[in-house]
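Undergrad: quick one, structure for this:
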Amino acid sequence: MKMAPEKKALPSTGPQKPSMTAAIADLYKNPTKRAFIRNLLLFGCGIWLAREFADIDVMAPAQP
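TA: Take a look at the predicted model:
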């Protein structure tokens, strides 16, 4: 009976820093993270929109 040659483990280079591409791919593959980012962006847009419309007086009388 033939035995497969033993595979040697590669030396560890320590924890690697994830690249931007890997981070985006992780967001694409993980629906929980994707939903969190989407909700965070929608919340931020709502805050921005509320600040922009804060100066508008909706009860002002119409100009004659």
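Undergrad: could you report the neighbour count for residue 33?
TA: Residues near residue 33, counting by other Cβ atoms under 10 Å, number 13. (C-beta placed from N, C-alpha, C; glycine too.)
Undergrad: which SSE is it in?
TA: helix 31-52 (DSSP states H and E).
Undergrad: what's that helix in contact with?
TA: With Cβ atoms under 8 Å, 6 or more residues apart in numbering as the test, helix 31-52 has contacts from 26, 27, 28.
Undergrad: where does pLDDT dip in the protein?
TA: 1-5, 9-18 (pLDDT under 70).
Undergrad: switch to 90 and redo it
TA: 1-28, 54-64 (pLDDT under 90).
Undergrad: relative to residue 29, how far out is the spatially most central residue of it?
TA: Closest residue to the average C-alpha location of the chain: residue 37 at 4.2 Å, with Cα atoms, centre = their mean. Per Cβ to Cβ, to the nearest Å, residue 37 is found 13 Å from residue 29.
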